[in-house]
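Colleague: Got a sequence here, can you build the structure:
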Amino acid sequence: MIGSLDLERALRSGEKAFEPGLLAKAHRGFLYIDEINLLEDHLVDLLLDVAASGENVVEREGLSVRHPAKFVLIGSGNPEEGELRPQLLDRFGLSVEVRTPKDLEVRIEIMRLVAANESDPAAFAARWAGEDEKTLKKIARGKARLPKLVPGDDVLRDAANLCLAVGADGLRGELTLMRAARAYAALEGAKAVTRQHLIAIAPSALRHRLRRDVLDETGSTTRITRAIEELFG
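Modeller: Prediction:
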């Protein structure tokens with residue numbers, strides 16, 4: 001992950017050279033980690049340092065290298081197999097809960113789609129190419145609108161009130177909520193950021209920032225929904 005000494009080059013020519021790791025390759029891109037909640041502590045500490053500084057420092061075998069490492073971190077895992085340390089969990093802007101679909105027709109459609117892809121991947125990709133193109137164009141239009149959308153004080157106040165109501169630690173909750181609401185409004189082609197954009201994005205922006213309440217067995221998403229109803233009606 002962090003990079004190391006290029007042993008082949010060192011043995012061949014006696015020259016010490018840096019072999020970039022995943023953090024260097026992910027610069028200005030994406031770093032995806034599966035089962036991120038099972039990462040060893042020293043790797044979690046490393047990710048925290050890099051996320052805070054935006055650069056990776058490698059010092060080993062007399063070699064000292066410093067390189068930029070700014071990336072979007074994407075992680076997935078099964079919470080039942082182990083929890084992610086709060087310090088790292090808070091670094092994620094948005095979270096998504098993936099659950100097994102309960103609707104019979106949805107499950108059947110998934111099987112149809114998987115079978116079609118396995119049977120002829122090229123035809124399957126061609127079938128959905130038009131939808132992919134529409135999505136890409138929608139995202140491009142949203143990116144163009146984004147600089148023009150500035151949340152008003154009323155929306156900022158709503159965001160702060162909601163974070164206070166659910167007990168979100170720190171200020172990353174408000175900041176993520178504000179940025180995500182702007183992005184969602186831009187994607188939808190709205191002329192202004194509204195409370196509805198805030199409400200729509202709130203569960204994804206806040207559910208992983210809540211402390212467990214031993215007196216409240218309800219899930220974090222339910223607690224956020226309840227707070228929204230109490231605050232905004």
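Colleague: What segments of this protein are strands?
Modeller: 4-5, 18-19, 29-34, 55-60, 63-68, 71-76 (DSSP state E).
Colleague: Mind putting those strands into TSV with mean neighbour count and distance to Gly173?
Modeller: No exception for glycine: its C-beta is placed from N, CA and C like everyone else's. TSV is the format used below for the strands of the chain (neighbours: other C-beta atoms under 10 Å; distance: least, C-beta to C-beta, whole Å):
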stretch	mean neighbour count	distance to Gly173
strand 4-5	16	37
strand 18-19	16	38
strand 29-34	12	22
strand 55-60	16	26
strand 63-68	14	27
strand 71-76	15	17
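Colleague: Select from these the stretch with the lowest mean pLDDT.
Modeller: Note on these: lowest mean pLDDT is at strand 4-5, with a mean of 69.
Colleague: which stretch among the strands of the chain comes nearest Thr222?
Modeller: Counting by C-beta to C-beta, Thr222 lies closest to strand 71-76 out of these; the figure is 22.3 Å.
Colleague: quick one: strands adjacent to that closest one?
Modeller: The pairing partners recorded for strand 71-76 under DSSP bridges are strand 29-34 (parallel).
Colleague: Which residues does the strand it pairs with contact?
Modeller: Strand 29-34 is touched from outside by 22-23, 39, 71-77, with contacts defined as C-beta atoms under 8 Å, 6 or more residues apart in numbering.
Colleague: that older thread, export the strands of the chain to TSV and tack on distance to Leu231?
Modeller: TSV is the format used below for these (distance: least, C-beta to C-beta, whole Å):
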stretch	distance to Leu231
strand 4-5	51
strand 18-19	52
strand 29-34	34
strand 55-60	40
strand 63-68	41
strand 71-76	30
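Colleague: Name the helix or strand of this protein that has the lowest mean pLDDT.
Modeller: helix 7-13 (a mean of 64; mean pLDDT, DSSP states H and E).
Colleague: Low-confidence bits of the protein, can you list those?
Modeller: 5-17, 60-62, 212-219 (pLDDT under 70).
Colleague: Domains in it, by residue range?
Modeller: Split into domains by automatic domain parsing, the chain comes to 4-89, 147-232.
Colleague: which of those is buried the deepest?
Modeller: Of all the domains of the chain, domain 147-232 carries the top mean neighbour count, a mean of 17, counting by mean count of other C-beta atoms under 10 Å.
Colleague: ok, back up a step: what's the closest of the contacts of strand 29-34 to Asp153?
Modeller: Of the contacts of strand 29-34, the one sitting nearest to Asp153 (C-beta to C-beta) turns out to be Val72, at 29.3 Å.
Colleague: Report how many residues lie close to the nearest residue to Ala116 once chain neighbours are set aside.
Modeller: Excluding its sequence neighbours, the residue lying closest to Ala116 (C-beta to C-beta, 6 or more residues apart in numbering) is Phe124, at 5.2 Å. A count of nearby residues for Phe124, using other C-beta atoms under 10 Å, gives 16.
Colleague: closest to Val96 out of the domains of the chain?
Modeller: It is, among the domains of the chain and with distance given as C-beta to C-beta, domain 147-232, at 6.4 Å.
Colleague: Tell me the spacing between Asp169 and Arg209.
Modeller: Taking C-beta to C-beta, to the nearest Å as the measure, Asp169 falls 6 Å from Arg209.
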